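Undergrad: coordinates for the following, if possible.
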Amino acid sequence: MSKLVPPHGKERKLKPLLLEGGALAAEKQKAETLKKVPITSREASDLIMLGIGAFTPLEGFMGYDDWKGVCDKYLMADGTFWPIPITVSADKDLADSIGANEEVALFDTENNEILGTMKVTEKYKIDKEYECKAVFWTNDAEGHPGVAKVMAQKEINLAGPVKVISESFYPTRFKEIYQRPAEARKMFDEKGWKTVAALQLRNPMHRSHEYLAKIAIEVCDGLYIHQLVGKLKAGDIPADVRVKAIQVLVDNYFVKDTVIQGGYPAEMRYAGPREALLHAVFRQNYGCSHLIVGRDHAGVGDYYGPFDAQKIFDEIPEGALELQPLKIDWTFYCHKCLGMASMRTCPHGKEDRLLLSGTMVRKTLSEGGELPKEFSRPEVVKVLQEYYQSLEEKVEIKLHGAATGDALKK
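TA: Below you'll find the predicted structure:
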């Protein structure tokens, strides 16, 4: 019997909505006859997360009461904890044409594929600015990429249970690391792990990430380096490059069989604290007992304080999650300590410290600069330099307070 943390929700069991065998073949055939509802890349990745059971116990896209409860107090209508609305939208004309309990096909326009079907049980309007202020703590559609996507949603939200018939390109394009929660749980069980810490990544690992990972291995049976392979913003490093850079780090600097690398199909929302909670929910579904929450988790720009994503775990309803956050302070290389340290462990001054950030790594390498060995392992730097040298079009990478250390001065 598995000793891993149970999946999220009252039933404490995974609820994958991806069909198999004869049911899958029949639903695919039926889907071709249904009215098509175009969905965005974020909605498509959410649908696949529903399909693989990562969003357990959700059974489809949320209705108004769930949407409102999640925005207001992190709770769905049945009292289940959930931190970010999971919704799908449609043009008013299309929504008006859909009858009560009509089944529709959810059509991924970017990849020209039907990913699932939905029985539409509810249609409703939302106050988008209200959702943005609750979830992102801002309604700045010009500067915040997550807010921009919510504000660009269609006029009417559709709700209802879904059946998922495709995982899109993820199982083939990312076949080396793409994993469903049941597969990750099986791997953890086979290693005899009871406690597993998840390290959320959308950047290659620098020395601070390595330090956080090794702290986690000191207190847990294993580490799950869990990478986002869904859509990122311009200037972020693509998943295949990250995987290669992380693997050379694991191969050269970690004890064998203490680390598993995996990938998941969600899209970044850059919702900072609220997104940290969403990361915790689906990492629990993947079988992780802990989530490493360091500085500026899932943030963007200067919209969040460096440790807001840690504080929010103390503000959610008691018992909301069985997974626990591993809260780790600002980390850096100290030239007097001659090693990695944190604000809690290093007595020296800021003049002795080298602050590290993924944004700084990307900016330096994209401009052809060199990184000192204290910032990133040479094997990792070599992989990233090859990537940047291959780019024909450069994207300007802007530094923010959390990357430069200015946020620390506030």
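Undergrad: mean confidence score for the helix or strand residue 210 falls within?
TA: Taking DSSP states H and E as the criterion, residue 210 maps to helix 207-219. Mean pLDDT, helix 207-219: 94.
Undergrad: now stretch 125-140
TA: What stretch 125-140 shows for mean pLDDT is 96.
Undergrad: my guess is residue 284 meets residue 5, correct?
TA: Yes: using Cβ atoms under 8 Å, residue 284 and residue 5 qualify as a contacting pair, with a distance of 5.8 Å. Where you see a C-beta, it was placed from the backbone N, CA and C, and this is true even at glycine.
Undergrad: who touches both of those two?
TA: Here residue 284 and residue 5 have 322, 323 as joint contacts, going by Cβ atoms under 8 Å, 6 or more residues apart in numbering.
Undergrad: residue 328 touches residue 293, doesn't it?
TA: Yes: with contacts defined as Cβ under 8 Å, residue 328 counts as touching residue 293 at a distance of 7.3 Å.
Undergrad: so which of those two has more stuff around it?
TA: With neighbours defined as other Cβ atoms under 10 Å, residue 328 and residue 293 compare such that residue 293 has more, 26 against 20.
Undergrad: contacting residues for that one?
TA: When contacts are counted by Cβ under 8 Å, 6+ apart, residue 293 touches 276, 309, 310, 313, 325, 326, 327, 328.
Undergrad: doesn't the third one fall inside a helix?
TA: Yes: the assignment for residue 310 (DSSP: H, G, I helix; E, B strand; the rest coil) places it in a helix.
Undergrad: not counting sequence-adjacent ones, nearest residue to it?
TA: Closest residue to residue 310 apart from its sequence neighbours, by Cβ to Cβ, 6 or more residues apart in numbering: residue 327 at 4.4 Å.
Undergrad: phi, psi for that neighbour please.
TA: Comment: the main-chain dihedrals of residue 327 come out as phi -90, psi 120, following degrees, to the nearest 10.
Undergrad: check contacts around residue 49.
TA: Per Cβ under 8 Å, 6+ apart, neighbours of residue 49: 55, 264, 265, 266, 282.
Undergrad: those, buried ones only, as a ChimeraX selection?
TA: The following ChimeraX selection, which keeps only the buried ones among those, applies the criterion 16 or more other Cβ atoms under 10 Å:
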select :55,264,265,266,282
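Undergrad: among the contacts of residue 49, which one lies nearest to residue 17?
TA: Proximity of the contacts of residue 49 to residue 17 was ranked by Cβ to Cβ; the top entry is residue 55 with 8.7 Å.
Undergrad: the closest one falls within a helix, correct?
TA: No: assigned with three-state DSSP, residue 55 falls outside any helix and is coil.
Undergrad: begin at 20, not 1, for the rest of this chat.
TA: Happy to do that; since the first residue is 20 now, the last one works out to residue 74.
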